[in-house]
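In: Quick one, what's the 3D model for this:
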Amino acid sequence: MILSDDEIERYARHLVLLEIGGPGQQKLKRARVLVVGAGGLGAPLLLYLAAAGVGTLGIVDDDVVSLSNLQRQVLFDTADLGRGKVEVALDRLRRLNPHVAVETHPARLTAETAPDLLARYDLVADGSDNFATRYAVADACFHAGKPLVTGAVGTFDATLTTLRPFEVDQDGTPNPTYRCLFPEAPLPGTVPTCAEAGVLGALTGIAGAMMALEVLREIVGFGEGLVGRLLLLDALTLRFETLRYGWDPDNPLNGRLAAEPGPADR
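Out: Here you go, the predicted model:
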């Protein structure tokens with residue numbers, strides 16, 4: 001896939017990086033990434049993926065822009081109040097980079113709708129704000145054999161990891177699933193929502209940009225990815241930590257008693 005003269009100038013700072021260069025930028029241009037959620041995490045994530053030249057971006061979100069979003073969702077402004085988030089995102093990203101195709105899905109992703117959506121994309125980035133969607137996305141990515149970069153934010157903390165549970169590690173052990181890391185969702189009402197507990201606006205920008213970095217690393221193939229590693233950020237102390245986690249043989253997706261084998265076993 002050839003880069004135009006405009007693209008060569010636009011991505012010049014990527015092209016001089018040995019870890020990316022022309023071949024890496026062409027990989028980005030060919031890539032199709034589905035972003036779940038155009039909120040606090042999704043907004044900076046989408047901006048950086050579009051700026052980087054990811055060829056096709058799909059956006060799933062059924063929400064409209066509200067005034068309380070503007071403290072952290074930098075894709076939108078005051079004039080966008082009441083408009084659908086995917087509609088605004090389409091306009092913004094086209095203006096940022098006309099070389100990027102944007103596909104909008106103004107709906108909530110569910111376990112029922114996920115398979116058809118995922119079939120159109122190479123990789124998924126989940127910045128949703130609820131556990132039901134996170135589990136639906138993670139399970140669907142496992143069954144579809146799609147890499148998943150998933151992030152979450154609390155009041156002053158953020159987490160990020162990458163999932164490729166349809167593959168095995170160098171020892172032949174399956175890579176961990178989302179359910180190996182978080183076996184069950186918290187009971188309803190036990191974890192306060194963003195509206196109830198609040199969230200530091202700049203923190204979502206940091207976490208969303210880190211998600212974009214991880215997506216770019218997955219596409220191009222440079223650096224050490226976050227498969228089997230959970231990155232934690234504490235904004236109060238500005239401390240980063242990385243915790244390793246592994247495959248749980250009792251998990252319901254690729255565990256020993258799983259009802260259905262994953263793609264790596266077929």
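
In: What ranges does the stretch 1-150 of the chain have for its helices?
Out: Ranges of helices within the stretch 1-150 of the chain are 5-10, 12-15, 21-30, 42-52, 85-96, 114-118, 131-144, based on DSSP state H, counting those that start in this stretch.

In: any idea how far the one helix or strand in the chain whose mean pLDDT sits lowest is from the chain center?
Out: Least confident element among the helices and strands of the chain, by mean pLDDT, DSSP states H and E: helix 194-197 (a mean of 81). Chain-centre distance of helix 194-197: 22 Å, with Cα atoms, centre = their mean, to the nearest Å.

In: cool, stretch 162-181 as well?
Out: 17 Å.

In: first to last residue in stretch 216-233, what's the distance?
Out: Using Cα to Cα, to the nearest Å, one end of stretch 216-233 lies 20 Å from the other.

In: Correction: the previous question concerned stretch 191-208.
Out: Using Cα to Cα, the span of stretch 191-208 from its first residue to its last is 21 Å.

In: Stretch 7-18 now?
Out: Start-to-end, stretch 7-18 (Cα to Cα) is 18 Å.

In: All the helices of the stretch 151-266 of the chain, in order from the start?
Out: Under DSSP H, counting those that start in this stretch, the stretch 151-266 of the chain gives helices at 178-181, 194-197, 201-220.

In: How about the longest one, which residues are buried there?
Out: Buried positions in helix 201-220, judged by neighbour count with 16 or more other Cβ atoms under 10 Å: 203-208, 210-220. C-betas here are computed from N, CA, C, even on glycine.

In: Tell me which residue is most central in this protein.
Out: Ala125 (1.8 Å; Cα atoms, centre = their mean).

In: Look up how far Thr155 lies from that one.
Out: Here the criterion is Cβ to Cβ, to the nearest Å. By it, Ala125 lies 22 Å from Thr155.

In: Same check on Phe142?
Out: Phe142 is 30 Å from Thr155, by Cβ to Cβ.

In: And for Ala101?
Out: For Ala101 relative to Thr155 (Cβ to Cβ), the value is 36 Å.

In: Same check on Arg229?
Out: Counting by Cβ to Cβ - Arg229 and Thr155 are separated by 23 Å.

In: Please apply the same query to Thr190.
Out: 15 Å.

In: Neighbour count for the two, which is higher?
Out: Thr155 (13 against 7; other Cβ atoms under 10 Å).

In: Phe84 reaches His105, doesn't it?
Out: Actually, residue 84 is Gly rather than Phe. No - here Gly84 lies out of contact with His105, judged by Cβ atoms under 8 Å, at a distance of 10.9 Å.

In: which residues does the nearest residue to Leu90 once chain neighbours are set aside form a beta bridge with?
Out: Once flanking residues are discounted, Leu90 sits nearest to Val102: 5.0 Å by Cβ to Cβ, 6 or more residues apart in numbering. Val102 has the following beta-bridge partners by DSSP bridges: Leu57.

In: OK, contacts around Val102?
Out: Residues near Val102 by Cβ atoms under 8 Å, 6 or more residues apart in numbering: Ala50, Thr56, Leu57, Gly58, Ile59, Ala89, Leu90, Leu93, Arg94.

In: what about the fourth one, how many neighbours?
Out: Pointing back at Gly58 there. 20.

In: ok so, going back, Throw the contacts of Val102 into JSON lines and include pLDDT and distance to Glu112, thanks.
Out: Below are the contacts of Val102 laid out as JSON lines (pLDDT from 0 to 100; distance: Cβ to Cβ, whole Å):
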{"residue": "Ala50", "pLDDT": "98", "distance to Glu112": "29"}
{"residue": "Thr56", "pLDDT": "98", "distance to Glu112": "24"}
{"residue": "Leu57", "pLDDT": "98", "distance to Glu112": "23"}
{"residue": "Gly58", "pLDDT": "98", "distance to Glu112": "17"}
{"residue": "Ile59", "pLDDT": "98", "distance to Glu112": "19"}
{"residue": "Ala89", "pLDDT": "98", "distance to Glu112": "24"}
{"residue": "Leu90", "pLDDT": "98", "distance to Glu112": "25"}
{"residue": "Leu93", "pLDDT": "98", "distance to Glu112": "27"}
{"residue": "Arg94", "pLDDT": "97", "distance to Glu112": "30"}
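
In: That concludes my questions; thank you for your assistance.
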